[in-house]
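Trainee: just coords:
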């Protein structure tokens, strides 16, 4: 395959990575933006979403689409409820102290991970996609006889990967509408601006924090459900999403949702392209160097606000 079609194929893989990363990092960004909590266990909620997706799809049986729809509806809800319960039982008891919440979420990380190991096992488990037709993609080139359209061998993508990209756009649009067009979004933004003032006006801040923590974990679980037909479910699969989500949130700007989306596209696309042409390890190294550059030259991130 020539360089042009190969680059296009790598860009499609990067777009899938960016779509999942945007949803996962969005959950982390919302939690930090509203609660000022660094959730180190965020990757394990991602892993729980994948594990629940496998369990639900296997339990329902029948056509893969039935199991997938069931997993997409139930798994994020279960993960969100567990996260809200963890907020009530753990984070509220340490009064959201920054140092204590980091330690608490590290402990939560190991509890979730080891619980998954005991209940799910050490083996990776596949989940069948609801549909997976391979679509041949055309390529355009100026040849001797003028403008030509042809189909290079190997230039194709599965319909499910295109669905993942489309689903991510729809879900992220829904989150934006939730934050900007609903009463709950207004309450979240008011709590983010001034927690004490919001509480003085009768906003149940503790309940809002529990809902926000559950929402953030649920978004990570949605990303996991969407990607698990491409990557198998495994009890250690939360490490890379956690690392990349932190990178995206730092580059985009802590608590900045538009910045999170922009950074997810940049990191996801570069990760996909570099992984295809070189190696995944090099992609992670470059992403880490990008974080260092941002912290040195623009500490507030690409679209974050500078502290006064």
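Mentor: Happy to help now that I have it. What you see is a predicted model, and the numbers here were worked out from it, not measured in a lab.
Trainee: secondary structure class for the spatially closest residue to residue 231 that is not a sequence neighbour?
Mentor: Distances taken as Cβ to Cβ, 6 or more residues apart in numbering place residue 237 nearest to residue 231, at 7.0 Å, with adjacent residues excluded. In this view, the C-beta of every residue, glycine as well, is placed from N, C-alpha and C. When classified by DSSP: H, G, I helix; E, B strand; the rest coil, residue 237 comes out as coil.
Trainee: what about the nearest residue to residue 211 once chain neighbours are set aside, which helix or strand?
Mentor: In this structure, residue 211 finds its nearest non-sequential neighbour in residue 84, 6.7 Å apart by Cβ to Cβ, 6+ apart. With secondary structure defined by DSSP states H and E, residue 84 is part of helix 64-86.
Trainee: how long is stretch 274-287 from one end to the other?
Mentor: Chord length of stretch 274-287, first to last residue, is 11 Å (Cα to Cα, to the nearest Å).
Trainee: rewinding a little: which neighbouring elements make contact with the helix holding residue 84?
Mentor: helix 42-60, helix 205-227 (3 or more Cβ pairs under 8 Å, 6 or more residues apart in numbering; DSSP states H and E).
Trainee: Out of the ones you listed, which is closest to residue 112?
Mentor: helix 42-60 (4.0 Å; Cβ to Cβ).
Trainee: Return the list of helices and strands in contact with that closest one.
Mentor: Looks like helix 42-60 contacts helix 3-35, helix 64-86, helix 98-120, helix 205-227, helix 239-252 (3+ Cβ pairs under 8 Å, 6+ apart).
Trainee: Just list what the last one packs against, helices and strands only.
Mentor: Going back to what we said before, that points to helix 239-252. For helix 239-252, the packing partners by 3+ Cβ pairs under 8 Å, 6+ apart are helix 3-35, helix 42-60, helix 205-227, helix 257-277, helix 280-297.
Trainee: Report the distance from the fourth one to the chain centre.
Mentor: For helix 257-277, the distance from its own C-alpha centre to the chain's C-alpha centre is 12 Å (Cα atoms, centre = their mean, to the nearest Å).
Trainee: In that helix, which residues are buried?
Mentor: For helix 257-277, burial by neighbour count (16 or more other Cβ atoms under 10 Å) applies to 257, 259-276.
Trainee: cool, and the longest one?
Mentor: Under the neighbour-count criterion of 16+ other Cβ under 10 Å, helix 3-35 has 5-6, 9-10, 12-35 buried.
Trainee: coming back round to it: with distance to residue 77, mean pLDDT and mean neighbour count as extra columns, can I get the helices and strands packed on helix 64-86 in CSV?
Mentor: Shown next, in CSV, are the helices and strands packed on helix 64-86 (distance: least, Cβ to Cβ, whole Å; pLDDT from 0 to 100; neighbours: other Cβ atoms under 10 Å):
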stretch, distance to residue 77, mean pLDDT, mean neighbour count
helix 42-60, 9, 95, 26
helix 205-227, 7, 95, 25
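Trainee: Please pull out the lowest mean pLDDT helix or strand from the chain.
Mentor: strand 146-150 (a mean of 68; mean pLDDT, DSSP states H and E).
Trainee: Nice, that's everything, thank you.
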